[in-house]
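Colleague: let's see this in three dimensions:
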Amino acid sequence: MPVITLDNACLAYGHVALLDHAALQVDAGERIGLIGRNGSGKSSLLKALAALGSLDDGVLWRQPGLSIAYVAQEPEFAGHETVYEAVASGLGGIARLLADYHDATLKVGAGGTAALDHLQHLQTQLEAQDGWNLNSRVEQAISRLALDGEAHVDSLSGGGRKRVALAQALVGEPELLLLDEPTNHLDVDGILWLEELLRGYAGAIIVITHDRVFLDGVATRIVELDRGKLVSFPGRFAAYQERKEFMLNEEALANARADKLLAQEEVWIRKGVEARRTRSVGRIARLEHLRAERAARRNQQGQVDFRVVRGDASGKLVAELENVAKFFVTTAGEKHVVRDFSCRILRGDKIGLIGANGTGKTTLLRLILGELAADAGEVKLGSRIEVAYFDQFRAQLDPEAALADVISPGSDYVEIGGTKKHVIGYLEDFLFAPQRARSPVKSLSGGERNRLLLARLFARPANVLVLDEPTNDLDIETLELLEALLQDYSGTVFLVSHDRAFLDNVVTQTIASEGEGHWKEYVGGYSDWLRQRKVPDASRDESSVAKSKAAAGGSATSPPAQRRKLSFKEQRELDQLPQRIAALETEQATLQARLADPDFYREPAEGQRQVQARLAVVDTEIDAALERWAALEARG
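Modeller: Got it, this is the predicted structure:
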């Protein structure tokens, strides 16, 4: 049964149609992932559904009495309220009574008889309105999101405010929950908690997010806002990706056929004589129809042209830390952020930092780059290091500055790799229209601000990139392009991110917080860290194994199994596997390029099937070769 429907909806911003006769139906209990390019109108659509904005045309129907909660991309709170008051406000009319009771419990100790009488009066009112259960829900939401109920909301960071907004929305248990980028500023544990909560949520959910793992874990349907239309893809995000690639290839072929026919008809009409014959009236009408279709066509938005200007190569050694420690003195005593940490960073390493909010990721980065003095241990820095920063809070962007001035202050040109390029053309590479070059930064959406900051970052030569939550608000296509760029970047990358897929696809090693200031290095990305960090928990020393065997009646004195060394044949196979994997990956890339070429689909169907079948075989062979390599390497 639908809880909300949208029919023939139209919404425009200036000359751009965000919704162009779009339709949508949301059924009770389903979880929809809403995706689309930055600036396509996703947030505007969510506001319209939440009755916080209006459509230009069309019909929006809501189930009578439907309760809706909306969490904005950048939440705003009124006044100097505490976290408890802000979260309780999600319950509606009883919120004021709960806030008064909470405040009265804090004051009763010093308030005497009058304060106690007031507290008892409030207790009576709460009992009459089932307030105890509601109060429990508020406190549970605050606890789950690791919030301090007595803190004032306006003193919190962006991540803290986002958690307050989530708690405020969840405490009311609405029938329709609308979430705009809920994972921004949350750490991995917070994202996993939210993912689990939404999977078991009874109401309907529409969530805008760029986090592909989160989408796969939560969404039962993907809805894409593409050029004003809402297109539905049942199933998880992985199924959407396969279907979308097929649809784009089909669209490209159809457009190419239409353009070819239009060109032929334009040549015919210019002959003049035949066009005036009565028997050609139908053909002229078809030409007018083709022209109208071509004019109305909205082509897919282009891709960002990411290019990093790498400065002079740094020395082979970027940084070396030996037994480094760092602590800060607080009112509660010394807080150790880093304890006895050692590591060596070489040119070309791509380092991911993982840890909960407040564990000290930024402090550790500053120690590695020599921007902060260590309290103990030694930090050695390499030579010729040029660092470029990406700031998650976008503090480097002046909201009143024009886009062109952000990229190249005082000049109309920017130098990219030794070549001068006009700043407007450079902004176009990052999908900013020429007429927006003089628009202020404050007119941009969150995703557009991130794109602008990336444009500024990549306009400066650097051999060390420090990226602090670069994925926030970026659309999925731009995210994948950024991944590809960082994979091919020959300099050194430090990446702080809670996007699990992004970490897996970019970093080669991970530095993770182990708690209480302890940090540890792991090989690989997020998934590799998950696997490796479980090993110490599951392993047991020889004495404990012997005891368990004795308890089970086995032989406690049997010697531990010896690891068999590689035979000559296995060693030779191990030596040859890297070349074999490289050759298979080259063939895989060639086959994928053929499938991505629109001309390929003009070839005979049998040839297409052979290419697709061979790609499936190559994929399987690569997986098998990687598994075999890992097994031999572990024994070698």
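
Colleague: all strands of the stretch 451-600 of the chain, in order?
Modeller: Remark: strands assigned in the stretch 451-600 of the chain by DSSP state E, counting those that start in this stretch are 464-468, 492-496, 509-515, 518-523.

Colleague: mean pLDDT lowest for which of these?
Modeller: Sorting those by mean pLDDT places strand 464-468 lowest, at a mean of 87.

Colleague: so what touches that strand?
Modeller: Judged by CB atoms under 8 Å, 6 or more residues apart in numbering, the contacts made with strand 464-468 from elsewhere in the structure are 308, 314, 318, 362, 365, 369, 385-392, 457, 486, 489, 491-497. Quick note: C-beta positions are derived from backbone N, CA and C, even for glycine.

Colleague: type out the ChimeraX command that picks the buried ones from these.
Modeller: A single ChimeraX command is used to select the members of the contacts of strand 464-468 judged buried by 16 or more other CB atoms under 10 Å:
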select :308,314,318,365,369,385,386,387,388,389,390,392,457,486,489,491,492,493,494,495,496,497
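
Colleague: which other residues reach the host helix or strand of Phe341?
Modeller: Using DSSP states H and E, Phe341 falls within strand 333-346. Contacting residues not belonging to strand 333-346 are listed as 316-329, 351, 359-360, 363-364, 367-368, 374, 377, 492, 511, 516-519, 521 [CB under 8 Å, 6+ apart].

Colleague: between strand 509-515 and that strand, find me the angle.
Modeller: With axes from the mean of the first three to the mean of the last three CA atoms, to 10 degrees applied, the angle from strand 333-346 to strand 509-515 works out at 170 degrees.

Colleague: what strands line up against strand 333-346, and which way round?
Modeller: strand 317-330 (antiparallel) (DSSP bridges).

Colleague: then the partner strand to CSV, C-alphas only?
Modeller: Written as CSV, here are the backbone C-alpha positions of strand 317-330 (Å, rounded to 0.1, in the frame of the first residue of the first chain):
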residue,chain,number,x,y,z
LEU,A,317,61.4,8.2,2.2
VAL,A,318,58.4,10.4,3.0
ALA,A,319,58.4,10.0,6.8
GLU,A,320,59.7,7.6,9.4
LEU,A,321,58.3,7.5,13.0
GLU,A,322,60.1,5.6,15.8
ASN,A,323,58.3,5.1,19.1
VAL,A,324,56.4,8.3,18.8
ALA,A,325,54.0,9.5,21.5
LYS,A,326,51.7,12.5,21.8
PHE,A,327,49.4,13.5,24.7
PHE,A,328,47.3,16.6,25.6
VAL,A,329,46.6,17.9,29.1
THR,A,330,42.9,18.2,29.9
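
Colleague: can we start the residue count at 457 from this point?
Modeller: Got it, first residue is 457 now, which makes that one strand 773-786.

Colleague: buried set for that strand?
Modeller: Taking 16+ other CB under 10 Å as the neighbour-count basis, strand 773-786 is seen to contain the buried residues 774-777, 780-783.

Colleague: how far away from the center of its chain is that strand?
Modeller: 30 Å (CA atoms, centre = their mean, to the nearest Å).

Colleague: for the stretch 907-1056 of the chain, give me the ranges with low pLDDT.
Modeller: By pLDDT under 70, the weakly predicted segments of the stretch 907-1056 of the chain are 990-1025, 1054.

Colleague: mind listing the helices for it?
Modeller: The residue ranges that make up the helices of the stretch 907-1056 of the chain, judged by DSSP state H, counting those that start in this stretch, are 932-944, 956-962, 982-989, 991-994, 998-1007, 1024-1052.

Colleague: with respect to Ala741, which of those helices lies nearest?
Modeller: Ala741 lies closest, by CB to CB, to one member of the helices of the stretch 907-1056 of the chain: helix 1024-1052, at 36.7 Å.

Colleague: C-terminal to that closest one, what's the next element?
Modeller: helix 1061-1091.

Colleague: check which helices and strands that next one sits against.
Modeller: Using 3 or more CB pairs under 8 Å, 6 or more residues apart in numbering; DSSP states H and E, the elements in contact with helix 1061-1091 are helix 1024-1052.

Colleague: ok, what's across the strand from Pro458?
Modeller: Under the criterion used here (DSSP bridges), Pro458 is bridged to Asp483.

Colleague: who touches it in this structure?
Modeller: Under the criterion of CB under 8 Å, 6+ apart, the contact list for Pro458 reads 481-484, 519.

Colleague: do Val609 as well
Modeller: Val609 makes contacts with 533, 537-539, 542, 617, 620, as judged by CB under 8 Å, 6+ apart.

Colleague: how much space between it and Gly616?
Modeller: For Val609, the distance to Gly616 (CB to CB, to the nearest Å) stands at 8 Å.

Colleague: ok, now Ser867?
Modeller: In this structure, Ser867 and Gly616 are 39 Å apart, going by CB to CB.

Colleague: those two: which has the busier surroundings?
Modeller: Neighbours per residue, other CB atoms under 10 Å: of Ser867 and Gly616, the larger number sits with Gly616, 19 against 13.

Colleague: ok, so what distance separates Glu972 from Leu820?
Modeller: Looking at Glu972 against Leu820, where the rule is CB to CB, the gap reads 14 Å.

Colleague: comparing these two, which residue is more hemmed in?
Modeller: Looking at Glu972 and Leu820 with other CB under 10 Å, you find the greater number of neighbours at Leu820, namely 26 against 10.

Colleague: now do the SS call for the more buried one.
Modeller: Three-state secondary structure (criterion: DSSP: H, G, I helix; E, B strand; the rest coil) places Leu820 in helix.

Colleague: my read: it touches Ile967, true?
Modeller: Yes - assessed by CB atoms under 8 Å, Leu820 is found in contact with Ile967 at 7.1 Å.

Colleague: now for Ala555: which residues touch it?
Modeller: Residues in contact with Ala555 (CB under 8 Å, 6+ apart) are 538, 540-541, 544.

Colleague: if we can go back for a sec, reformat the buried residues of strand 773-786 as CSV; add distance to Leu930 and pLDDT.
Modeller: Shown next, in CSV, are the buried residues of strand 773-786 (distance: CB to CB, whole Å; pLDDT from 0 to 100):
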residue, distance to Leu930, pLDDT
Val774, 26, 89
Ala775, 28, 91
Glu776, 33, 91
Leu777, 31, 91
Val780, 33, 92
Ala781, 36, 92
Lys782, 31, 91
Phe783, 35, 88
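
Colleague: what's the closest of those to Lys876?
Modeller: Taking CB to CB as the measure, Val774 is the one of those closest to Lys876, at 30.3 Å.

Colleague: that closest one touches Arg840, doesn't it?
Modeller: No - in terms of CB under 8 Å, Val774 does not count as a neighbour of Arg840; the distance is 10.1 Å.

Colleague: quick revisit: which two from the contacts of Val609 end up farthest apart in space?
Modeller: With CB to CB as the measure, no two of the contacts of Val609 lie farther apart than Thr538 and Arg617, at 13.0 Å.

Colleague: re the thing from before, now do the shared contacts for Leu820 and Ile967.
Modeller: Residues within reach of Leu820 and of Ile967 at once, by CB under 8 Å, 6+ apart, are 809, 975.

Colleague: which among the buried residues of strand 773-786 gets closest to Asp931?
Modeller: Closest to Asp931, out of all of these and judged by CB to CB, is Val774, at 31.6 Å.

Colleague: any buried residues in stretch 589-597, and which?
Modeller: Residues 590-591, 593-595, 597 are the ones in stretch 589-597 that count as buried (16+ other CB under 10 Å).

Colleague: make CSV out of those residues and add secondary structure, distance to Lys791 and pLDDT.
Modeller: Written out in CSV, the entries for those read as follows (DSSP: H, G, I helix; E, B strand; the rest coil; distance: CB to CB, whole Å; pLDDT from 0 to 100):
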residue, secondary structure, distance to Lys791, pLDDT
Leu590, helix, 36, 75
Asn591, helix, 33, 75
Arg593, helix, 33, 79
Val594, helix, 29, 82
Glu595, helix, 27, 84
Ala597, helix, 27, 82
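
Colleague: many thanks, I have nothing further to ask.
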